[in-house]
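A.B. asks: Requesting a structural model of the entry that follows:
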Amino acid sequence: MFVRAYLRASTKDQDATRARDQLEAFASERGLRIAAAYIENESGASLKRPELFRLLADCRPGDVLLVEQVDRLSRLNKEDWETLKREILDRQIKVVALDLPTSYAMLNSNDEFTARMAQAINGMMLDMLAAIARKDYDDRRRRQAQGIAKAKAENKYQGRPENAQRNAAILAMLKRGDSWNSIVAATGCSRSTLSRLKTRS
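C.D. replies: Numbers count the residues shown, from 1 in each chain. Take a look at the predicted model:
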């Protein structure tokens, strides 16, 4: 059994490795060692997460996918959550989340009946927490949209502030003749941002 840690943050401005020490301590307390850590800055509301699917592809039956909280694994809508859950079940991966104590029971269970009961209870709890994480995501987006609408109505909305340092670096790369693909890979900017900045150069 290998333990594979999944660490995710939503944006490149956030530290995806923030919970690494906590996961290491959790594993160590149970006599386990984390074999690999998979780190990415992608939205939990999207299935487009290369590192998560690399982790799943690396797993063998019985391996553990360790996360700090269920919302690090999923803020997915119901359909996408079912897709991800099916992938996890088909690969016979055990999901262990620090905020889900029922998931710990599956780590050291050798009795088939106990293991099946723990898996059933854990599956139900995972579904509940995944649904709560999605509701929290939807609520925050709704509140954000309401705040923007109000600010626009009061002529106070200025949009997201420009990342002047990054944009200056992009402009320098454009002037140097770097390809758009290499600039996107190096900076994480969108092609629409590149197009907009190109008109300035």
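A.B. asks: Is Ile39 within a helix or a strand, and which one?
C.D. replies: Assigned by DSSP states H and E, Ile39 belongs to strand 34-41.
A.B. asks: shaky segments in the protein?
C.D. replies: Of all residues in the chain, those with pLDDT under 70 make up the ranges 106, 108-111, 113-115, 117-118, 159-160, 201.
A.B. asks: one step back: buried ones in the strand holding Ile39, by neighbour count?
C.D. replies: Within strand 34-41, the residues that count as buried by 16 or more other C-beta atoms under 10 Å are 34, 37-38, 41. C-beta coordinates here come from the backbone N, C-alpha and C atoms, glycine included.
A.B. asks: Show me which of these is closest to Gln14.
C.D. replies: Asn41 (6.6 Å; C-beta to C-beta).
A.B. asks: Name the residues linked to that closest one by a beta bridge.
C.D. replies: Ala9 (DSSP bridges).
A.B. asks: picking that back up, now render the buried residues of strand 34-41 as CSV, adding distance to Glu24.
C.D. replies: Formatted as CSV, the buried residues of strand 34-41 follow (distance: C-beta to C-beta, whole Å):
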residue, distance to Glu24
Ile34, 6
Ala37, 9
Tyr38, 14
Asn41, 20
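A.B. asks: And these, which two are furthest apart?
C.D. replies: Ile34 and Asn41 (19.7 Å).
A.B. asks: Check which helices and strands the longest helix along the chain sits against.
C.D. replies: In the chain, ranked by residue count with DSSP state H as the criterion, the top helix is helix 112-153. Helices and strands touching helix 112-153, by 3 or more C-beta pairs under 8 Å, 6 or more residues apart in numbering; DSSP states H and E, are helix 70-73, helix 78-90, strand 94-97.
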